[in-house]
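sequence below, structure please.
(one chain, ligands or ions: 2)
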Amino acid sequence: MNIGLIGSGAIARYLLEKINKEKHPALAIKCILVRNREKYQHLEAKYGVTLHTDREAFLASDIDMVVEAANVETVRTLLPEVIQKKDTMLISVGALVDEDLLEEAGRLAEAHGNKLHLPSGAIGGLDLIQNAKAFGNLEHVELITRKPAHSLTDEVLTEEKTVFRGKAYEAIEKFPKNMNVSIILSLAGLGIRETDVRLIADPGIDKNIHQIKLSGGFGEAELTIKNDPLPENPKTSALAALSIIGTLERIEENIKYGS
Ligand SMILES: NC(=O)C1=CN([C@@H]2O[C@H](COP(=O)(O)OP(=O)(O)OC[C@H]3O[C@@H](n4cnc5c(N)ncnc54)[C@H](OP(=O)(O)O)[C@@H]3O)[C@@H](O)[C@H]2O)C=CC1
Ligand SMILES: O=C([O-])CC(=O)C(=O)O
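Ligands and ions are numbered 1, 2, ... in the order given. Alright, predicted model coming up:
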(Lines give C-alpha, C1' and ligand atoms only; values in the text may rest on other atoms or scores of the structure.)
(Ligands and ions follow the chains in the order given, each with its own letter.)
Protein backbone atom coordinates (compact mmCIF):
# COMPACT_ATOMS: atom_id res chain seq x y z
CA MET A 1 0.00 0.00 0.00
CA ASN A 2 1.39 3.39 -1.04
CA ILE A 3 0.90 6.10 1.56
CA GLY A 4 0.91 9.89 1.42
CA LEU A 5 1.56 11.56 4.79
CA ILE A 6 0.31 14.91 6.04
CA GLY A 7 2.57 16.00 8.90
CA SER A 8 6.30 15.53 9.53
CA GLY A 9 6.50 15.61 13.33
CA ALA A 10 6.92 12.97 16.03
CA ILE A 11 4.33 10.48 14.71
CA ALA A 12 5.37 10.98 11.08
CA ARG A 13 9.05 10.35 11.92
CA TYR A 14 8.12 7.16 13.76
CA LEU A 15 6.15 5.97 10.73
CA LEU A 16 9.02 6.85 8.37
CA GLU A 17 11.50 4.93 10.51
CA LYS A 18 9.32 1.84 10.92
CA ILE A 19 7.78 1.71 7.44
CA ASN A 20 10.46 3.08 5.07
CA LYS A 21 13.78 2.72 6.91
CA GLU A 22 13.04 -0.74 8.31
CA LYS A 23 11.32 -1.67 5.01
CA HIS A 24 7.81 -2.79 5.91
CA PRO A 25 6.78 -5.72 3.65
CA ALA A 26 3.36 -4.29 2.71
CA LEU A 27 3.50 -0.54 3.33
CA ALA A 28 5.52 2.30 1.78
CA ILE A 29 5.38 6.05 2.44
CA LYS A 30 5.81 7.69 -0.95
CA CYS A 31 5.26 11.37 -0.28
CA ILE A 32 4.60 14.02 2.38
CA LEU A 33 2.53 17.18 2.20
CA VAL A 34 4.50 19.93 4.00
CA ARG A 35 4.07 23.65 4.61
CA ASN A 36 7.79 24.41 4.73
CA ARG A 37 9.91 22.55 2.18
CA GLU A 38 13.28 23.78 3.51
CA LYS A 39 12.54 22.59 7.04
CA TYR A 40 11.81 19.03 5.90
CA GLN A 41 14.02 18.78 2.77
CA HIS A 42 16.37 16.30 4.50
CA LEU A 43 13.56 13.72 4.76
CA GLU A 44 13.62 13.16 0.98
CA ALA A 45 17.07 11.53 0.90
CA LYS A 46 16.82 9.95 4.35
CA TYR A 47 13.55 8.12 3.70
CA GLY A 48 13.17 8.11 -0.11
CA VAL A 49 10.04 10.27 -0.11
CA THR A 50 8.89 13.18 -2.28
CA LEU A 51 7.84 16.40 -0.55
CA HIS A 52 4.87 18.33 -1.89
CA THR A 53 3.77 21.82 -0.95
CA ASP A 54 0.95 21.71 -3.50
CA ARG A 55 -2.14 19.84 -2.29
CA GLU A 56 -3.41 18.94 -5.73
CA ALA A 57 -0.08 17.45 -6.79
CA PHE A 58 0.08 15.49 -3.51
CA LEU A 59 -3.42 14.08 -4.00
CA ALA A 60 -2.78 13.30 -7.68
CA SER A 61 0.33 11.23 -6.85
CA ASP A 62 0.44 7.43 -6.87
CA ILE A 63 -0.90 6.81 -3.35
CA ASP A 64 -3.63 4.50 -2.06
CA MET A 65 -4.13 6.15 1.32
CA VAL A 66 -3.59 9.55 2.90
CA VAL A 67 -2.46 9.34 6.54
CA GLU A 68 -2.84 12.54 8.56
CA ALA A 69 -0.43 13.10 11.48
CA ALA A 70 -0.52 16.91 11.68
CA ASN A 71 -3.11 18.57 13.90
CA VAL A 72 -6.82 19.16 14.46
CA GLU A 73 -6.85 22.41 12.46
CA THR A 74 -5.36 20.72 9.39
CA VAL A 75 -8.05 18.03 9.50
CA ARG A 76 -10.76 20.71 9.70
CA THR A 77 -9.34 22.42 6.62
CA LEU A 78 -8.31 19.49 4.43
CA LEU A 79 -10.60 16.55 5.20
CA PRO A 80 -13.47 17.38 2.79
CA GLU A 81 -11.09 17.68 -0.16
CA VAL A 82 -8.90 14.69 0.74
CA ILE A 83 -11.73 12.21 1.35
CA GLN A 84 -13.16 12.94 -2.09
CA LYS A 85 -9.90 11.78 -3.67
CA LYS A 86 -8.38 9.09 -1.42
CA ASP A 87 -9.02 6.63 1.38
CA THR A 88 -8.00 8.61 4.46
CA MET A 89 -6.71 7.83 7.95
CA LEU A 90 -6.78 10.46 10.69
CA ILE A 91 -4.95 10.55 14.00
CA SER A 92 -6.07 14.10 14.92
CA VAL A 93 -9.58 12.74 15.34
CA GLY A 94 -10.43 15.59 17.70
CA ALA A 95 -11.48 17.58 14.61
CA LEU A 96 -14.50 15.28 14.38
CA VAL A 97 -15.96 16.92 17.48
CA ASP A 98 -17.48 19.10 14.73
CA GLU A 99 -20.57 17.04 13.89
CA ASP A 100 -21.07 18.86 10.57
CA LEU A 101 -17.55 17.90 9.50
CA LEU A 102 -18.10 14.27 10.53
CA GLU A 103 -21.39 14.12 8.62
CA GLU A 104 -19.85 15.79 5.54
CA ALA A 105 -16.85 13.42 5.60
CA GLY A 106 -19.17 10.39 5.78
CA ARG A 107 -21.32 11.67 2.93
CA LEU A 108 -18.32 12.49 0.71
CA ALA A 109 -16.64 9.15 1.48
CA GLU A 110 -19.75 7.29 0.33
CA ALA A 111 -20.27 9.47 -2.75
CA HIS A 112 -16.66 8.97 -3.90
CA GLY A 113 -16.25 5.33 -2.84
CA ASN A 114 -13.54 6.07 -0.26
CA LYS A 115 -13.16 5.02 3.37
CA LEU A 116 -12.34 7.10 6.46
CA HIS A 117 -10.22 5.15 8.98
CA LEU A 118 -10.01 6.33 12.59
CA PRO A 119 -7.41 4.33 14.58
CA SER A 120 -7.77 3.97 18.33
CA GLY A 121 -4.66 6.14 18.87
CA ALA A 122 -3.19 6.18 22.36
CA ILE A 123 -6.01 4.12 23.91
CA GLY A 124 -7.69 0.74 23.36
CA GLY A 125 -10.90 -1.10 24.11
CA LEU A 126 -12.98 0.46 21.32
CA ASP A 127 -14.17 -3.03 20.31
CA LEU A 128 -15.47 -3.58 23.84
CA ILE A 129 -17.19 -0.19 23.90
CA GLN A 130 -18.90 -0.73 20.55
CA ASN A 131 -20.06 -4.21 21.55
CA ALA A 132 -21.36 -3.02 24.91
CA LYS A 133 -23.24 -0.22 23.10
CA ALA A 134 -25.37 -2.68 21.11
CA PHE A 135 -29.03 -2.53 22.16
CA GLY A 136 -28.32 0.32 24.58
CA ASN A 137 -26.19 -1.74 26.93
CA LEU A 138 -23.63 1.01 27.54
CA GLU A 139 -24.71 3.64 30.05
CA HIS A 140 -21.59 5.41 31.30
CA VAL A 141 -18.13 6.08 29.85
CA GLU A 142 -15.40 7.95 31.68
CA LEU A 143 -11.82 8.79 30.71
CA ILE A 144 -9.23 9.82 33.27
CA THR A 145 -5.98 10.91 31.62
CA ARG A 146 -2.77 11.62 33.52
CA LYS A 147 0.17 13.21 31.76
CA PRO A 148 3.56 14.44 33.03
CA ALA A 149 2.86 17.92 34.43
CA HIS A 150 5.37 19.69 32.16
CA SER A 151 3.51 18.47 29.04
CA LEU A 152 0.26 20.15 30.20
CA THR A 153 1.23 23.28 32.12
CA ASP A 154 4.06 25.78 32.63
CA GLU A 155 3.17 25.87 36.32
CA VAL A 156 5.71 24.10 38.57
CA LEU A 157 3.64 21.51 40.43
CA THR A 158 4.66 19.51 43.46
CA GLU A 159 1.48 17.43 43.51
CA GLU A 160 -1.07 16.34 40.91
CA LYS A 161 -3.58 18.89 39.66
CA THR A 162 -6.80 18.37 37.73
CA VAL A 163 -6.50 20.79 34.80
CA PHE A 164 -9.82 19.82 33.21
CA ARG A 165 -13.02 18.12 34.24
CA GLY A 166 -16.06 18.03 31.98
CA LYS A 167 -17.38 16.45 28.79
CA ALA A 168 -15.29 15.28 25.83
CA TYR A 169 -16.37 18.08 23.49
CA GLU A 170 -15.04 20.68 25.97
CA ALA A 171 -11.85 18.70 26.60
CA ILE A 172 -10.74 18.75 22.95
CA GLU A 173 -11.52 22.46 22.60
CA LYS A 174 -9.27 23.25 25.59
CA PHE A 175 -6.56 20.62 24.93
CA PRO A 176 -6.47 19.90 21.17
CA LYS A 177 -2.99 18.34 21.35
CA ASN A 178 -3.80 16.06 24.29
CA MET A 179 -7.44 15.01 24.17
CA ASN A 180 -7.90 13.36 20.75
CA VAL A 181 -8.38 10.15 22.73
CA SER A 182 -11.52 11.60 24.33
CA ILE A 183 -13.10 12.07 20.90
CA ILE A 184 -12.39 8.61 19.49
CA LEU A 185 -13.72 7.20 22.77
CA SER A 186 -16.87 9.34 22.37
CA LEU A 187 -17.40 8.47 18.71
CA ALA A 188 -17.13 4.74 19.48
CA GLY A 189 -19.27 5.07 22.60
CA LEU A 190 -21.88 7.47 23.90
CA GLY A 191 -21.02 10.68 22.06
CA ILE A 192 -19.12 13.90 22.74
CA ARG A 193 -21.69 15.31 25.20
CA GLU A 194 -22.11 12.12 27.25
CA THR A 195 -18.48 11.11 27.80
CA ASP A 196 -16.96 12.29 31.08
CA VAL A 197 -13.34 13.39 31.00
CA ARG A 198 -10.78 14.32 33.60
CA LEU A 199 -7.27 15.48 32.70
CA ILE A 200 -4.60 15.51 35.41
CA ALA A 201 -1.14 17.10 35.33
CA ASP A 202 1.03 14.81 37.42
CA PRO A 203 4.61 15.83 38.35
CA GLY A 204 5.35 12.29 39.54
CA ILE A 205 5.02 10.34 36.27
CA ASP A 206 6.87 10.02 32.98
CA LYS A 207 4.15 8.15 31.05
CA ASN A 208 0.84 9.19 29.46
CA ILE A 209 -1.74 7.20 31.41
CA HIS A 210 -5.31 6.72 30.19
CA GLN A 211 -7.86 5.04 32.45
CA ILE A 212 -11.20 4.11 30.86
CA LYS A 213 -14.23 3.12 32.95
CA LEU A 214 -17.41 1.72 31.37
CA SER A 215 -20.65 0.49 32.84
CA GLY A 216 -24.13 -0.46 31.69
CA GLY A 217 -26.42 -3.41 31.01
CA PHE A 218 -23.41 -5.54 29.93
CA GLY A 219 -21.65 -5.17 33.31
CA GLU A 220 -18.56 -3.08 34.04
CA ALA A 221 -15.08 -2.69 32.60
CA GLU A 222 -11.92 -0.80 33.47
CA LEU A 223 -8.84 -0.47 31.32
CA THR A 224 -5.60 1.38 32.03
CA ILE A 225 -2.99 2.11 29.36
CA LYS A 226 0.41 3.36 30.54
CA ASN A 227 1.99 4.79 27.42
CA ASP A 228 5.63 5.57 26.74
CA PRO A 229 5.78 9.03 25.12
CA LEU A 230 7.59 9.63 21.84
CA PRO A 231 10.92 11.35 22.60
CA GLU A 232 10.35 14.01 19.89
CA ASN A 233 7.01 15.04 21.40
CA PRO A 234 6.34 13.88 24.98
CA LYS A 235 2.66 14.87 24.70
CA THR A 236 2.28 12.09 22.14
CA SER A 237 2.28 8.40 23.04
CA ALA A 238 4.14 5.86 20.90
CA LEU A 239 0.96 3.74 20.82
CA ALA A 240 -0.73 6.44 18.69
CA ALA A 241 1.86 5.87 15.94
CA LEU A 242 1.63 2.09 16.38
CA SER A 243 -2.16 2.28 16.06
CA ILE A 244 -1.72 3.80 12.59
CA ILE A 245 0.62 0.98 11.53
CA GLY A 246 -1.63 -1.69 13.09
CA THR A 247 -4.74 -0.31 11.38
CA LEU A 248 -2.96 -0.08 8.01
CA GLU A 249 -1.75 -3.67 8.36
CA ARG A 250 -5.23 -4.98 9.20
CA ILE A 251 -7.09 -3.28 6.33
CA GLU A 252 -6.25 -5.96 3.76
CA GLU A 253 -6.56 -8.96 6.09
CA ASN A 254 -9.23 -11.56 5.33
CA ILE A 255 -9.56 -12.68 8.94
CA LYS A 256 -10.64 -9.90 11.31
CA TYR A 257 -10.06 -10.27 15.05
CA GLY A 258 -12.32 -8.48 17.50
CA SER A 259 -13.66 -6.08 14.90
N1 LIG B 1 -5.59 10.06 18.42
C2 LIG B 1 -4.65 9.98 19.36
O3 LIG B 1 -4.71 9.14 20.25
C4 LIG B 1 -3.49 10.91 19.32
C5 LIG B 1 -3.45 11.96 18.46
N6 LIG B 1 -2.36 12.79 18.43
C7 LIG B 1 -2.36 13.90 17.49
O8 LIG B 1 -1.57 13.56 16.36
C9 LIG B 1 -1.11 14.75 15.74
C10 LIG B 1 0.37 14.62 15.41
O11 LIG B 1 1.10 14.43 16.60
P12 LIG B 1 2.68 14.65 16.64
O13 LIG B 1 3.33 13.98 15.50
O14 LIG B 1 3.11 14.35 18.02
O15 LIG B 1 2.74 16.25 16.40
P16 LIG B 1 4.01 17.18 16.12
O17 LIG B 1 3.68 18.50 16.70
O18 LIG B 1 5.26 16.50 16.50
O19 LIG B 1 4.02 17.31 14.52
C20 LIG B 1 3.01 17.93 13.79
C21 LIG B 1 3.49 18.02 12.34
O22 LIG B 1 2.39 18.43 11.52
C23 LIG B 1 2.87 19.41 10.62
N24 LIG B 1 1.75 20.22 10.14
C25 LIG B 1 0.93 21.01 10.87
N26 LIG B 1 0.01 21.58 10.06
C27 LIG B 1 0.26 21.13 8.80
C28 LIG B 1 -0.35 21.37 7.53
N29 LIG B 1 -1.40 22.19 7.41
N30 LIG B 1 0.16 20.73 6.45
C31 LIG B 1 1.22 19.91 6.56
N32 LIG B 1 1.84 19.64 7.74
C33 LIG B 1 1.37 20.26 8.84
C34 LIG B 1 3.89 20.19 11.41
O35 LIG B 1 4.72 20.88 10.51
P36 LIG B 1 5.29 22.38 10.75
O37 LIG B 1 6.72 22.19 11.08
O38 LIG B 1 5.06 23.03 9.43
O39 LIG B 1 4.49 23.00 11.87
C40 LIG B 1 4.60 19.03 12.11
O41 LIG B 1 5.56 18.46 11.23
C42 LIG B 1 -1.45 15.89 16.73
O43 LIG B 1 -2.65 16.50 16.32
C44 LIG B 1 -1.70 15.16 18.02
O45 LIG B 1 -2.53 15.87 18.88
C46 LIG B 1 -1.27 12.56 19.22
C47 LIG B 1 -1.28 11.52 20.09
C48 LIG B 1 -2.40 10.63 20.26
O1 LIG C 1 -0.78 10.55 23.06
C2 LIG C 1 -1.62 10.53 23.97
O3 LIG C 1 -1.44 9.87 25.03
C4 LIG C 1 -2.94 11.22 23.84
C5 LIG C 1 -2.95 12.47 23.08
O6 LIG C 1 -1.98 13.21 23.02
C7 LIG C 1 -4.20 12.86 22.42
O8 LIG C 1 -5.18 12.11 22.53
O9 LIG C 1 -4.24 13.92 21.77
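
OK, contacts around Leu230?
Ala10, Ile11, Tyr14, Thr236, Ser237, Ala238, Ala241 (Cβ atoms under 8 Å, 6 or more residues apart in numbering). In this view, the C-beta of every residue, glycine as well, is placed from N, C-alpha and C.

and if we set it to 10 Å?
For Leu230, the contact set (Cβ atoms under 10 Å, 6 or more residues apart in numbering) comprises Gly9, Ala10, Ile11, Arg13, Tyr14, Asn208, Thr236, Ser237, Ala238, Leu239, Ala240, Ala241.

burial count for the first one?
What that stands for is Gly9. By other Cβ atoms under 10 Å, 15 other residues sit near Gly9.

excluding chain neighbours, what is closest to it?
Distance criterion Cβ to Cβ, 6 or more residues apart in numbering; nearest residue to Gly9, sequence neighbours excluded, is Asn233 at 6.2 Å.

wait, doesn't that neighbour sit right on Ala122?
No: the pair Asn233 / Ala122 is not scored as a contact, 12.0 Å apart, by Cβ atoms under 10 Å.

and those two? Which one has more around it.
Counted by other Cβ under 10 Å, Asn233 and Ala122 do not tie: Ala122 has more neighbours, with 25 against 15.

is it true that that one lies in a helix?
No: secondary structure of Ala122 (DSSP: H, G, I helix; E, B strand; the rest coil): coil, not part of a helix.

may I have the phi/psi pair for the residue nearest to Gly9?
phi -150, psi 90 (degrees, to the nearest 10).

quickly list what it is bridged to.
Leu230 (DSSP bridges).

who touches it in this structure?
Gly9, Ala10, Ile11, Arg13, Tyr14, Ser151, Lys177.

compute the first-to-last residue distance for stretch 155-166.
21 Å (Cα to Cα, to the nearest Å).
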